[in-house]
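Visitor: Predicted structure and sequence below. I'll ask about it afterward.
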Amino acid sequence: MNIYVLSIVFSLLFLGFVIEMIRRRQISERYSLLWLILGLIMLIISFFPKLLNSLASAMGIIYGTSLLFFISSLFSLVSILHLTTVITKLDRKTTRLTQELALLKSQGEEARDDRSADRPL
Amino acid sequence: MKSLVIIPAYNEENSIEAVLHSVKEWHPGIDIVVVNDGSKDETGRVARAAGLAHVIDLPVNLGIGGAVQTGYLFAYRNGYDIAIQIDADGQHDPADLDKIIQVVANGEAACCVGSRFVEETDYTPSLLRGIGINFFSWMIRWTIGKRITDPTSGFRAVNRDCIEVFANYYPDDYPEVEAVVLLERMGFSVKEASVQMHSRAAGKSSITPFKSMYYMLKVSLAVIMTRIRNVS
């Protein structure tokens, strides 16, 4: 199996894997779009490898693979940055939820204590 | 004026009871809320058994910022006019409570920080801690143009407006310095009053040498961000 077939198979597997994860609700549609687009780009480049080389030379890059590495590291950086913002948001939400829960619990406890204190023994 | 003492506590079962008693000794009428920040020891049970305070148990550990903010939320929702933060480890002397409450109560300032360095006190910081405190003091002077001698002090009183601000936003970890800058940036005045501080009665300081590097960087960044952020 040459690299040409291998990359097509890999791209298809990747896309199938992402779609299966969405089907099982392991990734929400909102966050899956990025990965679907990435899978499609991988598939297109696998089918038409010349595309990469012509794009690279148009940008003044000698090796097509350099462009590939450049794009993939850029993609990784951006997606990690995006994830960090998601985590920050989640963190803020869990903090507030924890606080609300604790306040509610203590309120309930004190109301119960008051009631039992009022009741004659 | 309805006042509330907020005591954030994480694994302070050995000192919390003494702190509660000494607050009540100096201020029998004052309300206290202990925010038990998911302690692994018996802090919550000990505080509850003392019967002197409301006890709020956070189901998971949020860290000092999240715990203190829970106290401010409690103060805001229950209509308190003044909230005072005190550490659970016995470092802060409740004898000084009145001093810092008065500054806020008579409208001299929106926030009063209990400082070890306004007047000569028994307290002398270690060399590194001293450098840290001076650095943040300089940073505050540089960002808001005001002299705060003890910006890392967690012994402070705030009025109702500041309670509302903190209920909505409070820094997550090592919050003291950033909170001062935030208030000043929002147009609230911060003042200091001289207080005594003891070395801790029990437990360990949360600041290890390894963490102090993160502390310096994180707080510096937060101060600069608060300075360039649109806060109002």
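Guide: Done, it's in.

Visitor: can you pull the contacts of the residue nearest to the spatial centre of chain B?
Guide: Taking Cα atoms, centre = their mean as the criterion, residue B:154 is the residue nearest the geometric centre of chain B, at 3.0 Å. The contact partners of residue B:154, by Cβ atoms under 8 Å, 6 or more residues apart in numbering or on different chains, come to B:85-87, B:92, B:176. All C-beta spots, glycine's among them, are computed from the backbone N, C-alpha and C.

Visitor: looking at this, it is in a helix?
Guide: No: under DSSP: H, G, I helix; E, B strand; the rest coil, residue B:154 falls outside any helix and is assigned coil.

Visitor: could you point out the longest helix in chain A?
Guide: Ranked by residue count under DSSP state H, the longest helix found in chain A is helix A:64-118.

Visitor: does chain B sit close to that one?
Guide: Yes: Helix A:64-118 is in contact with chain B by Cβ under 8 Å from any Cβ of the partner chain, via A:91, A:95, A:98-99, A:101-103, A:105-106, A:110.

Visitor: where does chain A dip in pLDDT?
Guide: A:1, A:118-121 (pLDDT under 70).

Visitor: Kindly state the domain boundaries assigned to it.
Guide: A:1-47, A:63-121 (automatic domain parsing).

Visitor: In CSV, list these along with distance to residue B:128.
Guide: Formatted as CSV, the domains of chain A follow (distance: least, Cβ to Cβ, whole Å):
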stretch, distance to residue B:128
domain A:1-47, 44
domain A:63-121, 30
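
Visitor: I'd like the next helix or strand past the helix or strand harbouring residue B:7.
Guide: Using DSSP states H and E, residue B:7 sits within strand B:3-9. Downstream of strand B:3-9, the next assigned helix or strand under DSSP H and E is helix B:16-26.

Visitor: And for residue 37, the neighbour number?
Guide: No chain in the question, so chain A it is. Residue A:37: 11 surrounding residues under other Cβ atoms under 10 Å in any protein chain shown.

Visitor: other chain: chain B
Guide: 27.

Visitor: and what of residue B:172?
Guide: 17.

Visitor: again with residue B:191
Guide: 17.

Visitor: Under a three-state scheme, what state does the nearest residue to it once chain neighbours are set aside occupy?
Guide: In space, and not counting its chain neighbours, residue B:191 is closest to residue B:109: 3.7 Å by Cβ to Cβ, 6 or more residues apart in numbering or on different chains. Secondary structure, three-state DSSP: residue B:109 is coil.

Visitor: correct me, but residue B:109 touches residue B:190?
Guide: Yes: the pair residue B:109 / residue B:190 is scored as a contact, 6.1 Å apart, by Cβ atoms under 8 Å.

Visitor: if I look at the two, which residues touch both of them?
Guide: By Cβ under 8 Å, 6+ apart, no residue touches both residue B:109 and residue B:190.

Visitor: name the helices or strands packed onto the longest helix along chain B?
Guide: Among all segments of chain B classified by DSSP H, the helix with the greatest residue count is helix B:209-228. Here helix B:209-228 touches helix B:127-144, helix B:176-185, going by 3 or more Cβ pairs under 8 Å, 6 or more residues apart in numbering or on different chains; DSSP states H and E.

Visitor: Buried residues of it, list them for me.
Guide: B:215, B:218-219, B:222-223, B:226-227 (16 or more other Cβ atoms under 10 Å in any protein chain shown).

Visitor: Columns distance to residue B:209 and pLDDT on top of the residues you listed, output as a markdown table?
Guide: Shown next, in a markdown table, are these (distance: Cβ to Cβ, whole Å; pLDDT from 0 to 100):
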| residue | distance to residue B:209 | pLDDT |
| --- | --- | --- |
| B:215 | 10 | 87 |
| B:218 | 15 | 91 |
| B:219 | 16 | 91 |
| B:222 | 21 | 92 |
| B:223 | 22 | 91 |
| B:226 | 26 | 90 |
| B:227 | 28 | 88 |
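
Visitor: does chain A sit close to stretch B:18-34?
Guide: No: counting by Cβ under 8 Å from any Cβ, chain A is not contacted by stretch B:18-34; separation bottoms out at 8.6 Å.

Visitor: re the thing from before, quick one: closest of the helices and strands packed on helix B:209-228 to residue A:76.
Guide: helix B:176-185 (31.7 Å; Cβ to Cβ).
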